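**Q** let's see this in three dimensions:
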Amino acid sequence: MTTDDVVTVAPGPKPARFQVHERSKQRGTPATWVRRGGLTALLFALPILFIFGVFSWWPIVSAFVMSLQKTNLTDAPVWVGLDNFRAVFADPLLPTVIKNTAWFAVLALIFGYPVPLIGAVLMSELRRRKGLYSVLAYLPVVVPPVVAVLLWKFFYDPRPEGVFNTVLGWVGLGPYPWLADSAWAMPSLVLEATWAAAGGTVIIYLAALISVPAELYDAAEVDGASVLRKVWHVTIPQLRGVLFITLILQIIGTAQVFLEPFLFTNGGPNHATETIMLHVYNLAFANLGNNFGQATALSLLLAAFLAVMSLVYFRLTRSWSQS
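**A** Alright, predicted model coming up:
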């Protein structure tokens with residue numbers, strides 16, 4: 001056979017693994033990334049990344065650094081390692097502020113958690129002026145928090161001629177000491193906090209109730225179910241996912257409560273309403289004296305506890321909220 005008779009055979013298709021490898025190499029090249037718009041997307045994302053970096057991520061990094069320093073933000077900081085964390089655990093007020101914060105959270109869950117759900121269910125049953133009642137329910141959220149606290153502080157006048165004591169006196173109750181007594185102070189704070197925050201949660205529940213199929217209520221009514229049984233067997237199961245989210249949000253919010261104890265009582269009487277965040281403020285700015293390192297350490301410990309608690313909570317409730 002001569003060289004002219006040699007037949008050139010075309011190469012066959014490559015194995016699939018080589019084709020996948022070549023495609024992955026093509027996708028992974030910088031030139032391909034640029035041609036597919038990756039650079040343009042990055043340029044559009046740079047402003048928001050810069051904003052998050054400056055106002056969210058940088059403060060977090062600074063907090064970690066400050067927790068390892070002794071500083072008053074004016075003199076040169078001194079590195080002290082974990083001394084700030086040791087000082088936090090050795091603080092004699094730490095058990096008190098933890099107990100107060102937990103007591104506030106428990107009271108807020110007992111009184112503040114079911115109130116928005118009950119209000120939303122009652123408002124969903126209305127046939128007329130539902131919008132008006134929605135506005136009235138949300139109105140306390142619009143009131144500036146400082147104004148609301150100062151207004152309620154006036155209502156909580158412990159004298160017999162105080163607003164609440166006068167109203168309760170009409171039915172033979174009171175007078176009550178309200179903020180002036182250690183036993184009454186924390187429930188008084190929870191009452192105002194519930195009034196101020198319940199409206200927003202009511203609107204969330206009303207929006208969620210729209211998605212509940214009306215056929216479920218019709219079937220329950222045909223079976224002779226009362227209003228309470230319809231709420232227990234229809235409404236609550238359908239809102240299970242929303243209820244779990246609002247529960248963890250309320251726990252996180254109550255663990256960080258600051259405004260009410262600061263403006264109502266400033267932690268008194270006798271530290272009965274001093275919460276963790278108010279103690280952080282006192283460590284950094286108030287009478288305990290410019291101890292920003294220890295205040296930051298306590299804040300990080302609270303953040304770490306809430307993060308771990310949230311992860312455990314979502315892990316435990318994952319199947320319940322989706323079933």
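**Q** list phi and psi for the residue nearest to the spatial centre of the chain.
**A** Nearest to the mean C-alpha position of the chain, counting by C-alpha atoms, centre = their mean, stands residue 249 at 3.7 Å. Backbone torsions for residue 249, taken as degrees, to the nearest 10, come to phi -70, psi -40.
**Q** please apply the same query to residue 67.
**A** For residue 67, the backbone dihedrals are phi -70, psi -20 (criterion: degrees, to the nearest 10).
**Q** again with the one 5 residues further on
**A** Note on residue 72: its backbone torsions stand at phi -120, psi 20 [degrees, to the nearest 10].
**Q** what about residue 192, how many neighbours?
**A** 22 (other C-beta atoms under 10 Å). Heads up, the C-betas are built off the backbone N, CA and C, glycines and all.
**Q** tell me if I'm right that it and residue 260 touch.
**A** Yes - counting by C-beta atoms under 8 Å, residue 192 does reach residue 260; the two are 6.3 Å apart.
**Q** joint contacts of those two?
**A** In the contact map built from C-beta atoms under 8 Å, 6 or more residues apart in numbering, the residues linked to both residue 192 and residue 260 are residue 149.
**Q** helices or strands next to the helix or strand containing residue 280 in the packing?
**A** For residue 280, the enclosing helix or strand under DSSP states H and E is helix 276-284. Under the contact criterion of 3 or more C-beta pairs under 8 Å, 6 or more residues apart in numbering; DSSP states H and E, helix 276-284 touches helix 94-107, helix 259-264, helix 292-322.
**Q** just give the closest residue to residue 178, not the sequence neighbours.
**A** In space, not counting the residues next to it along the chain, residue 178 is nearest to residue 156; the distance is 4.0 Å by C-beta to C-beta, 6 or more residues apart in numbering.
**Q** same question for residue 283.
**A** The shortest distance from residue 283 to any residue that is not its chain neighbour, by C-beta to C-beta, 6+ apart, is 3.9 Å, and that residue is residue 295.
**Q** pretty sure the one you found is touching residue 278, no?
**A** No - here residue 295 does not reach residue 278: they are 11.1 Å apart, not a contact under C-beta under 8 Å.
**Q** ok so, going back, now the helix holding residue 280: average pLDDT?
**A** Rounded to a whole number, the mean pLDDT of helix 276-284 is 93.
**Q** ok, residues contacting that helix?
**A** Around helix 276-284, the neighbours that count as contacts under C-beta under 8 Å, 6+ apart are 93-94, 97-98, 101, 255-258, 261-262, 266-267, 274, 288, 290-292, 294-296, 298-299, 302.
**Q** hmm, 7 Å instead?
**A** Contacting residues not belonging to helix 276-284 are listed as 93, 97-98, 101, 256-258, 261-262, 267, 288, 290-292, 294-295, 298-299, 302 [C-beta atoms under 7 Å, 6 or more residues apart in numbering].
**Q** write the ChimeraX selection for whichever of these are buried.
**A** For selection in ChimeraX, the members of the contacts of helix 276-284 meeting the burial criterion (16 or more other C-beta atoms under 10 Å) are listed in this command:
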select :97,98,101,256,257,261,262,267,291,292,294,295,298,299,302
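**Q** following the chain onward from the strand or helix carrying residue 202, which element is next?
**A** Secondary-structure assignment from DSSP H and E places residue 202 in helix 182-210. Scanning the chain past helix 182-210 towards its C-terminal end, the next helix or strand to appear is helix 214-222 (assignment: DSSP H and E).
**Q** need the CA coordinates for that following helix. CSV is fine.
**A** Listed next in CSV are the C-alpha coordinates belonging to helix 214-222 (Å, rounded to 0.1, in the frame of the first residue of the first chain):
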residue,chain,number,x,y,z
ALA,A,214,-61.6,29.3,53.1
GLU,A,215,-62.7,25.7,52.3
LEU,A,216,-61.0,24.6,55.5
TYR,A,217,-63.2,26.9,57.6
ASP,A,218,-66.3,25.9,55.7
ALA,A,219,-65.6,22.2,56.3
ALA,A,220,-65.0,22.8,60.0
GLU,A,221,-68.2,24.8,60.2
VAL,A,222,-70.1,21.9,58.5
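**Q** now do that helix: which elements does it pack against?
**A** Other elements packing on helix 214-222 under the criterion 3 or more C-beta pairs under 7 Å, 6 or more residues apart in numbering; DSSP states H and E are absent; no helix or strand qualifies.
**Q** need the next SSE after that helix, C-terminal direction.
**A** In the C-terminal direction, the helix or strand that comes right after helix 214-222 (DSSP H and E) is helix 227-230.
**Q** buried residues, that next one. List them.
**A** So, applying 16+ other C-beta under 10 Å, buried residues of helix 227-230: residue 230.
**Q** hmm, who's touching that helix?
**A** Outside helix 227-230, the residues within contact range by C-beta under 7 Å, 6+ apart are 217, 220.
**Q** okay, now the unreliable bits of this protein?
**A** In the predicted model, the chain carries pLDDT under 70 at residues 1-28, 287-289, 321-323.
**Q** rewinding a little: what sits against the residue nearest to residue 283?
**A** With C-beta under 7 Å, 6+ apart, residue 295 has these contacts: 280, 283-284.
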